[in-house]
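Peer 1: coords below, sequence missing:
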């Protein structure tokens, strides 16, 4: 399977996704959008994975590749090919299908629980709730496509945390986090954490607490990632 991982910044890589794909025998291509790598034609992509990043999907002028990336999102669903969007990638999928992208009332950075609900969560046999790694200030509305776009997760701080749209799944949070990938994000986002704490946001943890909680939360999050990836690829 020709699997393409679209990476928007150097410090937000595939984490636990990469060893999963390698174990499954996928031919993995890392598309370094931040370095100018071109986006392939949809016919060449069997599985698309859109990673996170600190930019907004609305910044099409500053990041011209976003226009083509959104086109690819629509093409993948139209062709019935599996696609996974994570954080910025989830917002990319939502925007591609016409949903609003907006600032969330709360910034979420750190380990906080999400609640899984609805038919999609039941079909994937997801837990009722799980503590997952968040890092976002914007959020998405669910695309207005009844019967096609189905939400299946929320948190106290954010109404829309995940949805399924045809052959694609969008996750606002980071189930792929590993100790190494999390450290990379913490190193590059330290100023944002400090600013969030100084501003009094209720859902921004300091780096010390994030590291401590990760000792018990990364494992279950990675297990849930495998369950979702298995579901996507078996469909």
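Peer 2: Yes, it's here. Just so it is clear, the model here is predicted, and its values are computed rather than measured. Numbering: from 1, shown residues only.
Peer 1: need the strands for this protein, in chain order.
Peer 2: 2-7, 27-32, 47-50, 83-86, 101-116, 129-140, 149-154, 162-165, 168-171 (DSSP state E).
Peer 1: Now mean neighbour count too, for those strands, in a markdown table please.
Peer 2: Just so you know, the C-beta spots here come from the backbone N, C-alpha and C atoms, and that holds for glycine as well. Compiled in a markdown table, the strands of the chain are given as follows (neighbours: other CB atoms under 10 Å):
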| stretch | mean neighbour count |
| --- | --- |
| strand 2-7 | 21 |
| strand 27-32 | 16 |
| strand 47-50 | 27 |
| strand 83-86 | 27 |
| strand 101-116 | 19 |
| strand 129-140 | 21 |
| strand 149-154 | 21 |
| strand 162-165 | 26 |
| strand 168-171 | 27 |
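Peer 1: can you put those in a markdown table and add distance to residue 222 and mean pLDDT?
Peer 2: What follows is these, written out as a markdown table (distance: least, CB to CB, whole Å; pLDDT from 0 to 100):
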| stretch | distance to residue 222 | mean pLDDT |
| --- | --- | --- |
| strand 2-7 | 16 | 98 |
| strand 27-32 | 18 | 98 |
| strand 47-50 | 15 | 98 |
| strand 83-86 | 13 | 98 |
| strand 101-116 | 13 | 96 |
| strand 129-140 | 10 | 97 |
| strand 149-154 | 17 | 96 |
| strand 162-165 | 16 | 97 |
| strand 168-171 | 13 | 98 |
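Peer 1: Contacts only, for residue 126.
Peer 2: Each residue near residue 126 by CB atoms under 8 Å, 6 or more residues apart in numbering is listed here: 116, 152, 224, 227.
Peer 1: List just the nearest of the residues you listed to residue 45.
Peer 2: Nearest to residue 45 out of the contacts of residue 126 is residue 227 (CB to CB; 22.9 Å).
Peer 1: What number of residues are in the vicinity of the closest one?
Peer 2: Neighbours of residue 227 under the rule other CB atoms under 10 Å: 15.
Peer 1: quick revisit: the strands of the chain: which one's closest to residue 198?
Peer 2: Proximity to residue 198 (CB to CB) singles out strand 101-116 among these, at 11.7 Å.
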